[in-house]
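J.: Please work out how this folds:
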Amino acid sequence: MNALDYMKNRESDNDCDIVLPLVGEFNAGKTTLINSLTDAKQLETAYTPTTSSVFEVHFGHSRCCATIYYRDGRVQNVEQIDSIRNQELKDILVVATYDTSTRIPSSAVLVDTPGLSSPNKQHEESLLNFMPNADAIFYLVDVHSQITTSALNFVKRMAYNTKPIYLIITKKEEKSLSEIGAMKNHIQKEFPNTFKRIATVSAKKDDISEFLAIIDEIQQNKKQIIATSNKNRCEIIKQSIVKYIDDIVCHTDSDTTINRRMQEGQAELVSTNKSIKNFMSNVEFDIQEISREITRKFEDLIFERLDYIVATKSGDYNLDAISAINTLSISLINEYKAKVLKSLRGSAQNDDFARNALLISRELDLPELDVHKFGLNMDLNSMGHDYDSKIATGVKFLATVAVVAATGIAVDDYYDGSELTSGETLSDVASSAVPSISEATGSLASVPKVGNVLISNQNAQIIGQATQFFDNASAQYERLNQLNQEIGCKLGEERGIVEGIVSLLTDRYIAKAQRRNAVRNYIENALSPEFKILIDRNTSIITNHIHTILSKSYEEKNSNLKVIREQHKTQHEEWVAKVDKLNRYKQLLLASL
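T.: Modelled structure (predicted):
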């Protein structure tokens with residue numbers, strides 16, 4: 001049954017209980033008065049605060065017993081009331097005692113309460129929790145005590161200024177009638193219109209007639225008292241509901257709270273964006289330093305390696321150079337990647353946002369970098385050998401003319417290659433051939449100058465001899481070419497021995513210097529800039545990768561904020577509807593108060 005049904009039933013039931021608590025300071029005689037009205041007389045009394053719980057006393061029952069109601073819902077039946085000890089009662093709502101006495105009507109429930117000035121906070125809590133159930137209040141003071149304003153105001157608050165308060169002065173046997181009369185007059189003067197009635201009692205002498213008279217009066221006015229009490233309870237319920245509504249409205253998310261959350265989320269986004277910019281700025285600076293370091297290292301090492309290649313004999317300068325360039329490039333790109341990764345991890349350790357976004361997400365591994373395959377924009381093998389063929393032809397021609405002019409014998413008779421010794425190389429032949437060629441060409445100088453013979457035109461016989469000389473030289477030149485090829489093949493030089501010798505000599509004295517100069521220019525003007533472009537391209541790949549990861553974390557936060565905005569929009573609409581509904585209820589309640 002809810003509170004409203006309970007109050008409705010009380011007003012329609014003539015036999016409903018009327019609840020009459022006895023309140024006052026400890027040792028005011030509350031328990032003693034109740035014991036004097038019962039047959040069992042078993043409620044615990046003492047000169048110190050003993051009543052820690054609320055005791056309801058119901059009269060007119062068939063036997064004396066009690067029922068203890070606990071806060072957790074447990075119920076305990078007790079046969080011997082005097083076995084109940086206040087100090088042993090814990091977490092009690094109320095103790096209902098039942099007595100066989102008929103001095104009090106069965107519908108009147110007297111309630112023994114803890115003392116007002118008890119130092120135990122639990123006593124005060126028990127009293128305050130019970131008082132809304134009271135229909136009227138008996139305020140007890142003994143003849144030796146003064147009524148204090150603070151104590152009386154406390155009682156009035158418990159009565160909600162509507163319930164009747166009856167003053168009961170106890171221990172009247174300890175004062176004379178005149179003293180008691182003076183006490184009553186003083187109270188009425190000091191606290192006018194406060195007490196419905198004033199009665200004096202002596203529980204020890206069983207002089208309680210004035211108290212019983214008040215009980216009769218209450219019984220006669222029971223309907224009115226209960227109606228007033230119910231009205232008071234309704235007002236309490238209404239005030240409680242109004243307070244509950246106000247608490248709900250105050251503690252429910254409002255626009256201010258929602259806006260604050262949005263602002264916090266937006267501030268976090270701004271902070272995240274700033275962190276990304278700062279971190280990326282530091283990362284780009286560090287990577288640029290690493291890029292410059294690796295580029296300088298490439299320039300130093302590639303010059304050393306290519307210079308070594310062109311300074312030594314090589315079967316294929318182009319192939320060796322390309323291999324050296326690409327091997328070094330791959331090695332330095334891997335070193336660059338390792339240094340960048342180490343730098344990133346160090347920077348991330350000093351930045352909470354980057355550490356969470358990069359390390360915790362396990363996405364710090366760098367992507368595959370661009371490893372460019374370098375070529376060679378020049379031909380090192382042919383460098384310095386542009387005129388080898390012409391020089392070889394000239395040498396062969398001069399040698400043929402010299403031999404024919406000086407000896408008149410055939411090339412086969414002059415040199416057939418039989419003088420080659422086992423294991424002799426082209427370089428050895430070249431070294432020995434240089435003075436022989438010089439000697440042969442020197443003897444050519446002693447040959448009569450053909451031009452002079454022709455110019456003199458003195459002797460036709462001489463002209464005929466000259467013609468025969470050149471025809472013979474031409475035939476010998478062809479034979480020399482054939483012999484040149486045969487000897488060259490024996491020495492592993494398919495072009496011919498003369499061409500091989502010329503190539504060796506030009507390579508030694510001309511091509512090496514040209515290659516060094518060409519390599520230096522190639523490194524400075526083409527290779528180093530191309531490698532720097534490769535490093536810059538990889539720098540861009542890494543920075544874009546890192547920025548993508550950080551931006552992904554930013555976008556996640558932004559997406560979460562959008563979701564929260566939508567959720568809060570819905571919650572706000574629900575909140576507005578809820579507050580409007582509660583305020584309408586509140587206005588209805590306030591209008592009915």
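
J.: low pLDDT regions in the stretch 401-550 of the chain?
T.: Within the stretch 401-550 of the chain, the set of residues satisfying pLDDT under 70 comprises 401-473, 476-477, 479-485, 487-488, 490-500, 502-510.

J.: Surely Ser551 and Ser275 touch.
T.: No: taking contacts as CB atoms under 8 Å, Ser551 lies outside contact range of Ser275: 11.7 Å. No exception for glycine: its C-beta is placed from N, CA and C like everyone else's.

J.: Next up, phi/psi of Ala28, please.
T.: When quoted as degrees, to the nearest 10, the phi and psi of Ala28 stand at phi -80, psi -10.

J.: Next, count neighbours for it.
T.: Using other CB atoms under 10 Å, Ala28 has 23 neighbouring residues.

J.: Near Leu582, how many residues? Count them for me, please.
T.: 18.

J.: now swap in Leu4 and tell me
T.: 12.

J.: Pull up the gap between it and Asn129, please.
T.: Here Leu4 is placed at a distance of 20 Å from Asn129 (CB to CB, to the nearest Å).

J.: Could you check how far the longest helix anywhere in the chain is from the centre of its chain?
T.: Using DSSP state H to assign secondary structure, the helix with the most residues in the chain is helix 528-592. Its chain's C-alpha centre and that of helix 528-592 lie 14 Å apart, by CA atoms, centre = their mean, to the nearest Å.

J.: Which residue, other than its chain neighbours, is closest to Gly551?
T.: Quick fix: residue 551 reads Ser, not Gly. Spatial nearest neighbour of Ser551, chain neighbours left out: Ile276 (7.0 Å); criterion: CB to CB, 6 or more residues apart in numbering.

J.: can I assume that neighbour sits in a helix?
T.: Yes: counting by DSSP: H, G, I helix; E, B strand; the rest coil, Ile276 is located in a helix.

J.: which residues does it contact?
T.: By CB atoms under 8 Å, 6 or more residues apart in numbering, the contact list for Ile276 reads 353, 547, 550-551, 554.

J.: Got the domain ranges for this structure?
T.: 3-243, 256-372+540-590, 388-510 (automatic domain parsing).

J.: Can you show me the strands along the protein?
T.: 18-24, 55-58, 65-70, 75-78, 92-98, 108-112, 137-142, 165-170, 197-200 (DSSP state E).

J.: Mind putting those strands into JSON lines with distance to Leu398, mean neighbour count and mean pLDDT?
T.: Listed next are the strands of the chain as JSON lines, based on distance: least, CB to CB, whole Å; neighbours: other CB atoms under 10 Å; pLDDT from 0 to 100:
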{"stretch": "strand 18-24", "distance to Leu398": "147", "mean neighbour count": "23", "mean pLDDT": "93"}
{"stretch": "strand 55-58", "distance to Leu398": "147", "mean neighbour count": "23", "mean pLDDT": "94"}
{"stretch": "strand 65-70", "distance to Leu398": "135", "mean neighbour count": "17", "mean pLDDT": "94"}
{"stretch": "strand 75-78", "distance to Leu398": "139", "mean neighbour count": "11", "mean pLDDT": "93"}
{"stretch": "strand 92-98", "distance to Leu398": "137", "mean neighbour count": "20", "mean pLDDT": "91"}
{"stretch": "strand 108-112", "distance to Leu398": "148", "mean neighbour count": "22", "mean pLDDT": "95"}
{"stretch": "strand 137-142", "distance to Leu398": "149", "mean neighbour count": "23", "mean pLDDT": "93"}
{"stretch": "strand 165-170", "distance to Leu398": "151", "mean neighbour count": "24", "mean pLDDT": "94"}
{"stretch": "strand 197-200", "distance to Leu398": "161", "mean neighbour count": "20", "mean pLDDT": "95"}
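
J.: From Gln239, how far out is Ala227?
T.: Distance from Ala227 to Gln239, by CB to CB: 19 Å.

J.: and what of Leu332?
T.: 83 Å.

J.: Neighbour count for these two, which is higher?
T.: Between Leu332 and Gln239, counted using other CB under 10 Å, the more crowded position is Leu332 (20 against 14).

J.: my read: the more buried one touches Phe298, true?
T.: Yes: at 5.4 Å, Leu332 counts as touching Phe298 under the criterion of CB under 8 Å.

J.: The domains of the chain: which one's closest to Ile523?
T.: Ile523 lies closest to domain 256-372+540-590 among the domains of the chain, at 5.7 Å (CB to CB).

J.: returning to that earlier point: which of the domains of the chain has the highest mean neighbour count?
T.: Of all those, domain 3-243 has the most neighbours on average by mean count of other CB atoms under 10 Å, namely a mean of 17.

J.: any idea how far it is from the chain center?
T.: 62 Å.

J.: hey, where'd the helices end up in the stretch 51-200 of the chain?
T.: Applying DSSP state H, counting those that start in this stretch to the stretch 51-200 of the chain gives helices spanning 121-130, 149-159, 177-190.

J.: Relative to Val23, which of the ones you listed is closest?
T.: Closest approach to Val23 among the helices of the stretch 51-200 of the chain (CB to CB): helix 149-159, 6.1 Å.

J.: contacting residues around that closest one?
T.: So helix 149-159 is in contact with 23, 25, 116-117, 127-128, 131, 134, 137, 139, 165, 191, 194, going by CB under 8 Å, 6+ apart.

J.: how about the residues you listed, which pair is most distant?
T.: Leu128 and Phe191 (22.0 Å).

J.: The residue nearest to Val310 when sequence neighbours are not counted - how many residues pack around it?
T.: Nearest residue to Val310, sequence neighbours excluded (CB to CB, 6+ apart): Arg515, at 3.9 Å. Arg515 is flanked by 25 other residues according to other CB under 10 Å.

J.: Surely Arg515 and Tyr317 touch.
T.: Yes: using CB under 8 Å, Arg515 is in contact with Tyr317, at 6.9 Å.

J.: Now the common contact residues for these two.
T.: Contacts common to Arg515 and Tyr317, judged by CB under 8 Å, 6+ apart, are 310, 380, 383.

J.: need those residues in TSV with distance to Asp72, can you?
T.: Below are the shared contacts of Arg515 and Tyr317 laid out as TSV (distance: CB to CB, whole Å):
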residue	distance to Asp72
Val310	99
Leu380	100
Met383	104
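
J.: Can you get me a residue count around Ala511?
T.: 23.

J.: ok, now how distant is it from Asp320?
T.: 15 Å.

J.: cool, Thr548 as well?
T.: For Thr548 relative to Asp320 (CB to CB), the value is 41 Å.

J.: need the contact list for the nearest residue to Phe138 once chain neighbours are set aside.
T.: Nearest residue to Phe138 in three dimensions, chain neighbours excluded: Leu22, at 4.6 Å (CB to CB, 6+ apart). When contacts are counted by CB under 8 Å, 6+ apart, Leu22 touches 30, 33-34, 110-113, 138, 140, 168.

J.: now, among those, which is nearest to Ala324?
T.: Thr113 (105.1 Å).

J.: Phi first, then psi, for that closest one.
T.: Dihedral angles (degrees, to the nearest 10) for Thr113: phi -120, psi 160.

J.: Is it correct that it is in contact with Lys30?
T.: Yes: with contact defined as CB under 8 Å, Thr113 and Lys30 form a contacting pair (7.0 Å).

J.: With adjacent residues omitted, what lies nearest to Asp316?
T.: Asp316 sits nearest to Asn381 (CB to CB, 6+ apart), 6.4 Å away.

J.: Look up phi and psi at that neighbour.
T.: Torsion angles, degrees, to the nearest 10, at Asn381: phi -70, psi -40.

J.: Could you pull up the residues touching it?
T.: Contact analysis of Asn381 by CB under 8 Å, 6+ apart lists 316-318.
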